[in-house]
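*Asks:* show me the folded form of this:
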Amino acid sequence: MIISRIIVHQPAGLLRILTDAGLEGHCTGVAATVAEADVAAAASVLMDADPVNRERLWQTFNEVDGSVSADLRACIDVALWDLVAKAAGQPVHRHVNGFRNRIPVCRRSERNSAEEIVAEAQEAQRTGFRAYKFDAFLDEESLVDLVGDMRRAVGPDFCLLLDGRTRLVIDQAIRIGRALDAADFFCFDRPRPDSDMSGGRQLAAAIDTPTSTGVSSPMEAAQVMTTQAADHVRTGVTRAGGMTDVLKAARCVEAFGAYCHLDGLGICDGFAHLHLAGAIRNAPFLEVAENGASSPFIGNPLPICDGYIGIPDAPGLGMEIDMGAVNEHTEELIEI
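*Replies:* All right, here's what the predicted structure looks like:
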């Protein structure tokens with residue numbers, strides 16, 4: 001089996017990697033800026049290659065001179081996982097290393113006021129979500145008050161996370177972190193800029209609540225863990241450059257006993273991150289916002305049931321793509 005064609009539907013954002021065996025690998029969510037020259041650069045690596053040699057292709061893309069953007073490389077890597085798992089007759093998470101067939105869901109807030117956030121957290125708890133994550137553009141005193149109000153509103157056993165949005169200075173983050181300690185929060189998510197190793201280490205040492213920081217590669221994950229710049233890491237398919245990159249980062253931090261959080265639903269309407277969560281045990285939740293992905297091309301959107309999302313057991317990613325809808329939204333067909 002060799003790769004025989006690459007097709008991108010724009011601006012629908014569907015990437016198709018075709019083989020001489022009649023199998024296709026798919027990824028939705030390709031950036032609208034991806035043009036024919038970008039696809040041609042990727043084709044110089046992919047054409048006539050055996051997709052089963054996915055790890056070798058991943059390494060080759062890492063060694064090219066930047067002619068293939070990280071966003072497009074991520075979509076190619078997802079499509080290759082979809083393709084080789086289909087060839088193996090397995091869902092991606094089992095083809096990788098199946099750990100579970102469903103993942104707990106964390107409701108990610110899009111509210112602004114303290115009152116709305118408290119009410120939404122209570123609603124998330126009532127409707128079965130397993131955790132709630134919020135951020136609030138409030139002054140420090142009001143945010144500390146909100147942290148206490150949140151714990152009192154949902155009781156002692158519901159997981160709560162505060163998103164720092166990488167915007168807090170050290171002393172402020174420490175004071176807020178100590179309020180999180182008192183309220184027994186699950187995680188203080190990205191309180192400091194992702195590149196601030198020394199500040200992250202200072203904060204992590206000063207509070208009991210686990211902190212997280214964003215990483216874009218397995219190497220960055222290793223640096224965070226070895227320098228103790230955070231207790232958890234956060235990454236995603238688009239941020240890291242592919243499912244392979246996320247898997248390597250997750251395995252790295254697992255060796256340190258740390259969690260690897262995934263950046264929301266991500267590309268492919270959540271299917272890529274869902275299969276990753278099914279393959280790695282140190283992803284605690286899949287984060288879903290109220291206005292989550294709702295692509296018109298996906299015939300089987302991911303349902304939340306009793307606070308969990310089940311992982312599709314069809315071969316590949318399990319996406320049911322409506323090609324009629326894709327073609328309706330296709331203005332340019334890039335084909336190599």
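
*Asks:* flag the shaky bits of the stretch 51-200 of the chain, pLDDT-wise.
*Replies:* Scanning the stretch 51-200 of the chain for pLDDT under 70 picks out 65.

*Asks:* what about the helices in it?
*Replies:* 54-63, 70-88, 92-97, 114-126, 140-154, 170-183, 197-206 (DSSP state H, counting those that start in this stretch).

*Asks:* could you single out the most deeply buried of those?
*Replies:* Across those, the average number of neighbours (mean count of other Cβ atoms under 10 Å) peaks for helix 70-88, which reaches a mean of 24. C-beta: built from backbone N, CA, C; applies to glycine.

*Asks:* count of neighbours near Thr166?
*Replies:* 15 (other Cβ atoms under 10 Å).

*Asks:* dump the residue contacts of it.
*Replies:* By Cβ atoms under 8 Å, 6 or more residues apart in numbering, the contact set of Thr166 is 190-194, 214.

*Asks:* neighbour-wise, which one of these leads?
*Replies:* Pro191 (31 neighbours).

*Asks:* that residue against Ile170, yeah?
*Replies:* No: in this structure, Pro191 is not within contact of Ile170 by Cβ atoms under 8 Å, at 9.1 Å.

*Asks:* overlap in contacts, the two.
*Replies:* Counting by Cβ under 8 Å, 6+ apart, the residues touching both Pro191 and Ile170 are Leu203.

*Asks:* if we can go back for a sec, of all the helices of the stretch 51-200 of the chain, which lies closest to Leu302?
*Replies:* Leu302 lies closest to helix 92-97 among those, at 13.4 Å (Cβ to Cβ).

*Asks:* give me the contact list for that closest one.
*Replies:* 81-82, 84-85, 88, 99, 243, 247, 274-280, 311, 313, 316-318.

*Asks:* endpoints of stretch 149-167, how far apart?
*Replies:* Distance between the two ends of stretch 149-167: 22 Å, counting by Cα to Cα, to the nearest Å.

*Asks:* how distant is it from the center of its chain?
*Replies:* 21 Å (Cα atoms, centre = their mean, to the nearest Å).

*Asks:* same deal with stretch 161-168?
*Replies:* Per Cα atoms, centre = their mean, the displacement of stretch 161-168 from the mean C-alpha position of its chain is 17 Å.

*Asks:* how about that stretch, which residues are buried there?
*Replies:* 161-164, 168 (16 or more other Cβ atoms under 10 Å).

*Asks:* can you check stretch 263-281 too?
*Replies:* Buried residues in stretch 263-281, counting neighbours by 16+ other Cβ under 10 Å, are found at 263-280.

*Asks:* which ones among those residues map onto strands?
*Replies:* Among the buried residues of stretch 263-281, none falls in strands (DSSP state E).

*Asks:* quick one: contacts for the nearest residue to Ala32 once chain neighbours are set aside?
*Replies:* Spatially, and ignoring its direct neighbours in sequence, Ala32 is nearest to Pro11 (4.4 Å; Cβ to Cβ, 6 or more residues apart in numbering). Contacts of Pro11 were listed using Cβ under 8 Å, 6+ apart, and they are 32, 329, 331-332.

*Asks:* so which of these are in strands?
*Replies:* Glu332.

*Asks:* now, among the contacts of Pro11, which is nearest to Glu63?
*Replies:* Closest to Glu63, out of all of the contacts of Pro11 and judged by Cβ to Cβ, is Ala32, at 27.3 Å.

*Asks:* wait, doesn't Ser216 sit right on Arg239?
*Replies:* Yes: at 5.5 Å, Ser216 counts as touching Arg239 under the criterion of Cβ under 8 Å.
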